[in-house]
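Trainee: Mind folding the following:
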Amino acid sequence: MREGLLWFDPDKRRTPQEKLDQAAARYTERFGRQPDTCHVNPAELFEHPTLRVIPDPAVLPRHFWVGEDQEMAAARREQRPLRGRKIA
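Mentor: Next up, the predicted model:
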């Protein structure tokens, strides 16, 4: 991931999933597309139902670096069906 949105949320009352959902919504609002990846501090690794969460020691605690993985985006583009074209 070359670029993304860095999100900080120190609220201990909310779950990491809720924080990531809010960060992903802001990413979508700002960039006009859905994120697929989030980097977090390895000590705060968790599972998310729709985003891939990656441990990254460069990310500070309580921070979320949300964005799109270029390799995953390229794979999705290749899997898209051709519309309106007939393949012989």
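
Trainee: Could you tell me which residues make contact with the residue sitting nearest the centre point of the chain?
Mentor: By C-alpha atoms, centre = their mean, the chain has its centre lying nearest to residue 37, at 2.8 Å. Neighbour list for residue 37: 1, 4, 51, 52, 53, 54, 66, 67, 68, 69, 72 [criterion: C-beta atoms under 8 Å, 6 or more residues apart in numbering]. Where C-beta positions appear, they are placed from N, C-alpha and C, glycine not excepted.

Trainee: Could you find the closest non-adjacent residue to it?
Mentor: Distances taken as C-beta to C-beta, 6 or more residues apart in numbering place residue 69 nearest to residue 37, at 4.4 Å, with adjacent residues excluded.

Trainee: With residue 1 instead?
Mentor: That would be residue 67: by C-beta to C-beta, 6+ apart, it lies 4.6 Å from residue 1.

Trainee: From residue 38, how far out is the one you found?
Mentor: 8 Å (C-beta to C-beta, to the nearest Å).

Trainee: These two - which one has more neighbours?
Mentor: residue 38 (27 against 21; other C-beta atoms under 10 Å).

Trainee: So that one sits against residue 50, correct?
Mentor: No. With contact defined as C-beta atoms under 8 Å, residue 38 does not reach residue 50; the gap is 10.3 Å.
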